[in-house]
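Novice: Generate coordinates for the sequence data below:
(chains A and B)
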Amino acid sequence: GAVVSQHPSWVICKSGTSVKIECRSLDFQATTMFWYRQFPKQSLMLMATSNEGSKATYEQGVEKDKFLINHASLTLSTLTVTSAHPEDSSFYICSARGTSGLNTQYFGPGTRLTVL
Amino acid sequence: DQQVKQNSPSLSVQEGRISILNCDYTNSMFDYFLWYKKYPAEGPTFLISISSIKDKNEDGRFTVFLNKSAKHLSLHIVPSQPGDSAVYFCAASGQGDSNYQLIWGAGTKLIIKP
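Specialist: Predicted structure coming up:
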C-alpha cells in the first residue's frame, strides 16, 4: 500500500517551453501532496504544499507563476514548470500524505528535468 | 536555523554489524518523527516512524529510539546489509501543524563495507 507514481521519470526540453509533471497516489486518496526539489548532494527542498480543491501554498522564494500546481482530484497533483530555463534543471519529487492521520509522506520516484 | 540536525554527513559500517544513525531536533513541539532511506535519483522510501508517546519502535532490522529530554533520536539497523548503503534522512513533524509539513535533516550517507 501507499504507492505514489510520477510521470514522466525524466524529461529533456528546450529553454522557454513548459513541462508538466504528474504525481498520482495509486492505492490511497491524498488530500495533501507535496512538491520537492533536490539539487545535487543536497537535501530535499520543499517547494509547495498542494491541497485538493484549493490553491497550493508555496514556500518562500518559490515563484508560484513559474511553478504551477494543480490538485484537481484526491489522487492527482500536477506541477507545471512554465517557460523553463536551464537553471530549472533539477530532480523534482512529489509526495502524498497518508490516510492514517499521522504525517507520514509517501514519495514518488522523482522526475529528472533537463532544460537545454 | 536548522530544527532537525544530522551531524554526521557519512558513516561507514562493516556488513553484519550494527549501524547507528543519529538525529537531533530543537523544536519541542515536534511529536512525530520519521526515517527515510534514499538512493540516488530516486524518491525517499519511508522506513519507520515514532510518535512522541513512545521511546522505541521496532520493525524487523530497524529500530528507532526517541529520547525526548535530550531531543534526540536514533535509527539502529541490525544486522547491516550491503543493500542498506544509501542516504538516510530524519524528519520531524508537529501534529498540530495544519500544513502537515515535514522538517528534514540534511541526511547521513551510510556505506556498508563487505
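
Novice: Just want the residue of chain A that's nearest chain B.
Specialist: Chain B sits closest to A:Phe107 of chain A, with a gap of 3.5 Å, by Cβ to the nearest Cβ. To be clear about C-beta, it is placed using only N, CA and C from the backbone, and glycine gets the same treatment.

Novice: how many neighbours does that residue have?
Specialist: By other Cβ atoms under 10 Å in any protein chain shown, 23 other residues sit near A:Phe107.

Novice: so it bridges to which residues?
Specialist: A:Ser95 (DSSP bridges).

Novice: Under the pLDDT cut-off, which ranges of chain A? List them.
Specialist: A:1 (pLDDT under 70).

Novice: whoops, chain B was the one
Specialist: Using pLDDT under 70, the flagged stretches of chain B are B:1, B:95-99.

Novice: Show me which residues of it are close to chain A?
Specialist: B:32, B:34, B:36, B:41-46, B:49, B:51, B:89, B:93, B:95, B:97, B:99-102, B:104-107 (Cβ under 8 Å from any Cβ of the partner chain).

Novice: Just to check, A:Glu52 is in contact with A:Asn70?
Specialist: No. Shown here, A:Glu52 and A:Asn70 do not form a contact pair, counting by Cβ atoms under 8 Å, at 10.1 Å.

Novice: got the contact list for B:Asp55?
Specialist: B:Phe65, B:Leu66, B:Asn67, B:Lys68 (Cβ atoms under 8 Å, 6 or more residues apart in numbering or on different chains).

Novice: So the first one, which state does it fall into?
Specialist: Using DSSP: H, G, I helix; E, B strand; the rest coil, the three-state assignment for B:Phe65 comes out as strand.

Novice: Distance-wise, check it relative to A:Lys14.
Specialist: Separation of B:Phe65 from A:Lys14 (Cβ to Cβ, to the nearest Å): 50 Å.

Novice: neighbour count winner among these two?
Specialist: A direct count of neighbours by other Cβ under 10 Å for B:Phe65 and A:Lys14 places B:Phe65 higher, at 17 against 8.

Novice: What's opposite the more buried one in the beta bridge?
Specialist: Beta-bridge partners recorded for B:Phe65 (DSSP bridges): B:Lys56, B:Ser74.

Novice: Quick one: residues contacting it.
Specialist: So B:Phe65 contacts B:Asp55, B:Lys56, B:Leu73, B:Ser74, B:His76 (Cβ under 8 Å, 6+ apart).
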